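K.L.:
3D model of this:
(chains A and B)
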Amino acid sequence: MTTYRTADIASPTAAGSLALLFILLVLVVTDAPAQDKQGTTTGSPETSGILPIKEHYQDPKPHSGAALPSWLARDEESLWRMPARDYASTRYSTLDQINTETVKNLQLAWTFSTGQTNGHEAAPLVVDGIMYVVTPYPNIVYALDLAKGGALKWKYNPLPQPAAQGVACCDVVNRGAVYADGKILFNTLDNHAVALDAKTGRELWKTKLGDINLGETITMAPLVVKGKMLVGNSGGEMGVRGWLKAVDIDTGKVAWTAYSTGPDQDVLIGPDFKPFYAKDQGADLGVSSWPPDMWQIGGGAVWGWISYDPELNLIYYGTGNPGPWNPDLRPGDNKWTLTLFARNPDNGQAAWAYQIEGHDLYDYDGVNELILLDLPVNGQMRKALIRPERNGHMYVMDRATGEVLSAETYAHVNVTRGVDLRTGKPRKVPEKATGLGKTVHNICPAAPGAKDWQPSAYSDRTGLLYLPHNNLCMDMRGTEANYIAGTPFVGAEVKMFAGPGGHRGEFSAWDPVAAKKLWRIKELFPVWSGAVATAGDVVFYGTMDRWFKAVHARTGELLWQFRTSSGIIGQPVTYLGPDGRQYVAVLAGVGGWSGAIVAGDLDARDGTAALGFVNAMKDLPNHTNKGGDLYVFALP
Amino acid sequence: MNVCRYQPNSRAGLAALLLVLLAGCEQEQRPVREGPAARLAPAGTSMTGQPQERQTIANPYESQVHAINEGRRLYAWFNCNGCHAAGGGGMGPALMDDQWIYGSEPAEIFATIMEGRPQGMPSYRGRIPADDVWKIVAFVRSLSGLGTKLPEGAGSTPLQDEASGNLDQGPEELKQYYKEAGDD
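P.N.:
So this is what the prediction gives:
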């Protein structure tokens, strides 16, 4: 068993830099022409763009000693009820009809146009032979009958307020619905939680949770835990005050609200609260770590992923960036932005909190997915959560206590020199500190982080985590910011660009026990899609330049790819169809923050457009148009 | 046929109606592309149902470089740049291109800022004095070369001048990488 490294991350040494340079050189020299010219590729395409950091694993058994939590009940494979597939957020299917041998024969089964052309980030759901798809604004829900080849069964349009589009920071996306207790539950951009009868599409209830006039929207996929739908707000660039609410799925009534900032009473911090680190201990830190009253417009939006451990009865999620981006305007630790919370789902009370980083300098929202695994740490099994963080560190934490067990980097990072595991604080590089009127060059990772919302997948067979992520750096300049309700509250100008190597995205395999990257695939653009891993040792993901790809789970070898109508930023899923065959489904339709240049017709001459993302994506319109199509694949 | 209609929405009040009545109705003559909404929003049907001549309301600050510069400062001060960036857009549409959803005439841009637009442009009535709005209008028009442009370089932000992230400036290998990847 690999010895688990609990030591701090070494700062990048000269030798390390040289090694990286050498690897990059090898990469450039050995890179075969990157793309296949056919729509569907049969046979085995070139294994181009694969950088072996370590030899590939050959043994078919889980090699790492990591295990799925014992409580994790495997759903029937004909079901995909929530975007992350299960409470541990594995996105792993035990189906293996489509495997490393057969995947080359994968064919298009049917498609469906959503009629929308903004960024499609959602995961399709599959329950009782029906597939459910929610579109970006106006958040139409479609039910498609799988036994009838995808025939439209019903359609529901929530008719959200058009003005909501003007306060959605990064395209008008929706990350998916969830099925529970005969209901389809989802959120609208204009802040409504909605429950539909899954059979008929009839609206059961609709509850307004937020206010677009305060800059609030909802883009996240909810999670249902013990009869409550958990949902948070978006708007970290609009001066919102972040919250997570629990909505009763039978009545639509709000059971509790946990704010991300403000007094303990609002944050639902009470007698049960036991943060692991001294930096997170104290009364009303959500007020005292801010200039007077700024916590009321300080961000900490909750727009990402939630996981749940039924044994510990704790939900896990993170909060977004503090606002405004310009850190000089908000001296202090800005709690509880960029914070991981563990809460009791029954009453919302916090069990522990861990602020990933106080006083964020770069818009590193802490909202990414949390994969719950049991891991050997120094010879002892720990109930862990794994968090590929936007700041480029792979946090492995004890999910019972909030202790950080390790935080290696999985991407190029130059703004921190590791995480001090005694204090739980990152060691920030002072020269990279941003501020008012100051232009800081070459900040890595850029504002969308080494990885943004795009969720990873974990294979129980390989013991590896599959990460769709970014390779971006940025220049940033702090400016004044005025709070005007319902308008942006950012105070920064940003220009992003490709990180070392020149590619802007990567798809990587990570060993969570050894805390090492095993291989990576370079991609032209940020890999903004989700991933799904299967027992067939095939992993699926999509690219913004319109490829839907299947790669070998152990080697990263490209096994199959299909050219879609528009770039892919959605979350692939796989399921057993009513005919007993395994299917793979994904939404194509470029957009999101990274694809805003296409979805929003932005002008590439202004690199600061879309909060600086356009500078790195000027050539995206040469590769993809807008779109909105569901693709379903199967073996012949 | 030139159909001029005005549909009041929740954000636009009586004042907007008066304004568009003043603006009148006429086919856009400028060599710019304007969406259907541009013809819906700014022009009104007269009470008698007779199409009216479009009357252009002149911007007192059109083509005045000092006022345009002032408009640029106000554009940032009132968070316009938060959505429209330095003209390239983001949460809001680009302003430096030649597409005008709600019209490019000074009065149309003035109405857009004052009354808001249904797809998410907020109303700034009561937040920005009308005089300052006209300065912003002059600046916004200058972004796409309408009216008077600011002198060369004056329109860019310091970051744009300093930023290093130009993809065209990358190493030869990288250019080749992009070329091949784009050549499918």
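K.L.:
can you report how many residues lie near whichever residue of chain A sits closest to chain B?
P.N.:
In chain A, no residue comes nearer to chain B than residue A:166, which is 1.7 Å away by C-beta to the nearest C-beta. To be clear about C-beta, it is placed using only N, CA and C from the backbone, and glycine gets the same treatment. By other C-beta atoms under 10 Å in any protein chain shown, the residues close to residue A:166 number 24.
K.L.:
one more: residue A:147?
P.N.:
Residue A:147 has 11 neighbouring residues, counting by other C-beta under 10 Å.
K.L.:
ok, now residue A:179?
P.N.:
21.
K.L.:
beta partners for it?
P.N.:
Legend: beta-bridge partners of residue A:179 under DSSP bridges are residue A:184.
K.L.:
that one contacts residue A:85, doesn't it?
P.N.:
No: look at residue A:179 against residue A:85 with C-beta atoms under 8 Å: they stay out of range, at 11.8 Å.
K.L.:
coming back round to it: which residue is the nearest non-sequential neighbour of the residue of chain A closest to chain B?
P.N.:
residue B:120 (1.7 Å; C-beta to C-beta, 6 or more residues apart in numbering or on different chains).
K.L.:
ok, residue A:100 next?
P.N.:
Spatially, and ignoring its direct neighbours in sequence, residue A:100 is nearest to residue A:537 (5.2 Å; C-beta to C-beta, 6+ apart).
K.L.:
ok, now residue A:513?
P.N.:
Using C-beta to C-beta, 6+ apart, the closest residue to residue A:513 is residue A:64 (3.9 Å).
K.L.:
which element is the one you found on?
P.N.:
Per DSSP states H and E: residue A:64 is located in neither a helix nor a strand.
K.L.:
please apply the same query to residue A:493.
P.N.:
Using DSSP H and E, residue A:493 falls in strand A:492-498.
K.L.:
walk me through which strands that strand pairs with, and which way each runs.
P.N.:
strand A:472-478 (antiparallel).
K.L.:
mind saving the C-alpha coords of the strand it pairs with as CSV?
P.N.:
Coordinates of each C-alpha in strand A:472-478 appear next as CSV, following Å, rounded to 0.1, in the frame of the first residue of the first chain:
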residue,chain,number,x,y,z
LEU,A,472,-5.6,28.7,-17.7
CYS,A,473,-3.7,31.6,-16.2
MET,A,474,-4.7,35.3,-16.0
ASP,A,475,-3.7,38.9,-15.6
MET,A,476,-5.8,40.8,-13.1
ARG,A,477,-6.2,44.4,-12.1
GLY,A,478,-8.3,45.6,-9.2
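K.L.:
hang on, the earlier thing: can you show me the CA trace of the strand holding residue A:493 as PDB?
P.N.:
Output of strand A:492-498 as PDB, limited to C-alpha atoms (Å, rounded to 0.1, in the frame of the first residue of the first chain):
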ATOM      1  CA  ALA A 492     -11.600  43.800 -11.400                       C
ATOM      2  CA  GLU A 493     -10.500  43.500 -14.900                       C
ATOM      3  CA  VAL A 494      -9.200  40.200 -16.000                       C
ATOM      4  CA  LYS A 495      -7.600  38.600 -19.100                       C
ATOM      5  CA  MET A 496      -7.100  34.900 -19.200                       C
ATOM      6  CA  PHE A 497      -4.900  32.900 -21.400                       C
ATOM      7  CA  ALA A 498      -3.600  29.300 -21.800                       C
END
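K.L.:
and it, how far out from the chain's middle?
P.N.:
Relative to its parent chain, strand A:492-498 has a centroid offset of 21 Å by C-alpha atoms, centre = their mean, to the nearest Å.
K.L.:
stretch A:529-539 too?
P.N.:
From the chain centre to the centre of stretch A:529-539 is a distance of 16 Å (C-alpha atoms, centre = their mean).
K.L.:
in it, what counts as buried?
P.N.:
Residues of stretch A:529-539 classed as buried: A:529, A:530, A:531, A:532, A:533, A:534, A:535, A:536, A:537, A:538, A:539 (neighbour count, 16 or more other C-beta atoms under 10 Å in any protein chain shown).
K.L.:
least confident secondary structure element in chain B?
P.N.:
Sorted by mean pLDDT, DSSP states H and E, the helices and strands of chain B end with helix B:14-23, the least confident at a mean of 41.
K.L.:
before we move on, back to that, residues contacting the residue nearest to residue A:513?
P.N.:
Residues counted as contacts of residue A:64 (C-beta atoms under 8 Å, 6 or more residues apart in numbering or on different chains) are A:2, A:463, A:464, A:511, A:512, A:513, A:514.
K.L.:
quick one: the fifth one from residue A:405, how far?
P.N.:
Taken as C-beta to C-beta, to the nearest Å, the spacing of residue A:512 relative to residue A:405 amounts to 10 Å.
K.L.:
how many other residues sit next to residue B:112?
P.N.:
Neighbourhood size, residue B:112 [other C-beta under 10 Å]: 22.
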